[in-house]
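Engineer: sequence plus predicted model, see below.
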Amino acid sequence: MQGSVVAGVVVALAFFTLIGFIVYRLGPTTRAAAIISAIAVLVAALPPIISALQGP
């Protein structure tokens, strides 16, 4: 149980680090919101995909 909590925290920190890096590299552009939204959708889609691959 504790290992999964630590893994969740690490994934959350990595996600926010990725967003920060993207915002830093893009600077003040209008595309930043669209890119961050696209990454968020991909990250949100990962748990069901992994769950489906693992099976019942």
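Structural biologist: That came through, no problem.
Engineer: helices of this structure, residue ranges please.
Structural biologist: All helices of the chain, identified by DSSP state H, fall at 2-26, 32-54.
Engineer: so what does the last one touch, helix or strand wise?
Structural biologist: Here helix 32-54 is seen to pack against helix 2-26 when contacts are counted using 3 or more CB pairs under 8 Å, 6 or more residues apart in numbering; DSSP states H and E. Using the backbone N, CA and C atoms, a C-beta is placed for each residue, glycine as well.
Engineer: next: the first one.
Structural biologist: With contacts defined as 3+ CB pairs under 8 Å, 6+ apart, the secondary structure elements packing on helix 2-26 are helix 32-54.
Engineer: could you give me the average pLDDT of the helix it packs on?
Structural biologist: For helix 32-54, the per-residue pLDDT values average out at 76.
Engineer: go through stretch 18-31 and flag the buried ones.
Structural biologist: Of the residues in stretch 18-31, those buried under the neighbour-count criterion (16 or more other CB atoms under 10 Å) are residue 19.
Engineer: so which residues make contact with it?
Structural biologist: Around stretch 18-31, the neighbours that count as contacts under CB atoms under 8 Å, 6 or more residues apart in numbering are 32, 35-36, 39.
Engineer: tell me the one of the residues you listed nearest residue 13?
Structural biologist: Proximity to residue 13 was ranked across those by CB to CB; first place goes to residue 39, at 14.9 Å.
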